[in-house]
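[1] Sequence plus the predicted model coming up.
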Amino acid sequence: MNKAWNLLGWNDQLEAARQEYTDDWTPARIVLEHKHMYRVLDNHGELLATPSGRFRQSGEYPAVGDWVLVDARYEEGKATIHRLLPRKSKFSRKEAGGVTKEQIVAANADYVFLVMALNQDYNVRRLERYLLAAYDSGAMPVIVLSKGDLCEDIAEKLVEVEAIAPGVAIHITSAVDKRGVNAIQEQLQPGVTAAFLGSSGAGKSTLVNMLYGKEVQLAGNIRDADGKGKHTTTHRELVQLPSGGMIIDTPGMRELQLWNQQQDGVSAAFADIEQLGEHCRFRDCTHKNEPGCQVQHAIQAGELDAERLRSYFKLQRELKYLDGKTSAKAQQEQRKQFKQLSKHVKQSKKSR
């Protein structure tokens, strides 16, 4: 396989998946998406790509970071997307608004850098939510506490973050003195992809610029007329660093609504509570008022923050509610399909 593909994150698993197709399609990686129009990057450069008709019928569209197989037309600078290759990770959230629909924020990331500023943006409860989604994504979470120059009690906040994220790498950065940048750059080796996520104003774009070595003016939404980008910061884009690593920069999120997170993600994000729960007197302990509850004992002993337990309960309720809505939607869709099938059968009988 061409070295250029390897620098983009190509691996043996993707090559094995590619071999399942006999068509002479080219592997390419999604670097920008806008209304189901895409910029893709292969070993020859960037192309404007659109999904084929059959691909559109599948209903599953690529996300930034995805690997796809395309029919490239280099003389036109365009391509047609035919297949989506298996993902090794995906960071998802519930789409904003009242629609119960998944939105894939970033795909095929090795690391998810959760950026939180050490000013008014600082909120450990929100960070717990991001950690839960990060663990469930299949990528390795890393915490970046930005704007360290604006914080007078860094040591205290670091202790708070370490308490909710045991074993997770934590970097403190500052645009003023460039602290922490070298440590992050060491993680972004050639072929490695990191998604940068956080709320608006957390300092993600500033951090990307520091890692790149200069201000990166990212191409924004693709114009329908000519397929070219306009400069903005309200989109997701994959950027290749001069060092060879790749960053998926994302717009700030006003909120992160969880999407169908699995119990494994909950167990990883709240490992301290779940480990305490294993030693409760009752196997089905709710950690509220049962005798012999080790979780409540830890709170009374000052070893566990009561707010963390409340956050644990809140996120579990949210996931249960979302699971119910997702199941109801699936049942509704199934009933709709059954009605359409019945109607089709009746019409077929009448035509005989």
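    Thanks, I have the structure now. Numbers count the residues shown, from 1 in each chain.
[2] Spit out the contact partners of the closest residue to residue 145 other than its chain neighbours.
    Nearest residue to residue 145, sequence neighbours excluded (C-beta to C-beta, 6 or more residues apart in numbering): residue 172, at 4.8 Å. Every C-beta, even on glycine, is put in place using the N, C-alpha and C of the backbone. Counting by C-beta atoms under 8 Å, 6 or more residues apart in numbering, residue 172 makes contact with 118, 144, 145, 148, 154, 158, 179, 180.
[3] Same check on residue 146?
    Counted by C-beta under 8 Å, 6+ apart, residue 146 has contacts 115, 116, 117, 118, 173, 174, 175, 202, 203, 206, 207.
[4] what's the neighbour count on the closest residue to it other than its chain neighbours?
    Take residue 146 and drop its neighbours on the chain: the residue closest to it by C-beta to C-beta, 6+ apart is residue 203, 3.8 Å away. Residue 203: 25 surrounding residues under other C-beta atoms under 10 Å.
[5] again, but for residue 74
    12.
[6] That one touches residue 44, doesn't it?
    Yes: the criterion here is C-beta atoms under 8 Å, and residue 74 meets it with residue 44 at 6.1 Å.
[7] Would you quantify the distance from the residue nearest to residue 145 to residue 71?
    Distance, residue 172 to residue 71, using C-beta to C-beta, to the nearest Å: 47 Å.
[8] SS state for the most centrally placed residue in the chain?
    By C-alpha atoms, centre = their mean, the chain has its centre lying nearest to residue 91, at 2.1 Å. Of the three states, residue 91 takes strand according to DSSP: H, G, I helix; E, B strand; the rest coil.
[9] Just the buried subset of the contacts of residue 172, written out for ChimeraX, thanks.
    Applying 16 or more other C-beta atoms under 10 Å to the contacts of residue 172, the buried members can be selected in ChimeraX as follows:
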select :118,144,145,148,158,180
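[10] can you put the contacts of residue 172 in a markdown table and add secondary structure and distance to residue 10?
    Shown next, in a markdown table, are those (DSSP: H, G, I helix; E, B strand; the rest coil; distance: C-beta to C-beta, whole Å):
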| residue | secondary structure | distance to residue 10 |
| --- | --- | --- |
| 118 | coil | 37 |
| 144 | strand | 27 |
| 145 | strand | 33 |
| 148 | helix | 36 |
| 154 | helix | 39 |
| 158 | helix | 37 |
| 179 | coil | 33 |
| 180 | coil | 29 |
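[11] Great, nothing more from me.
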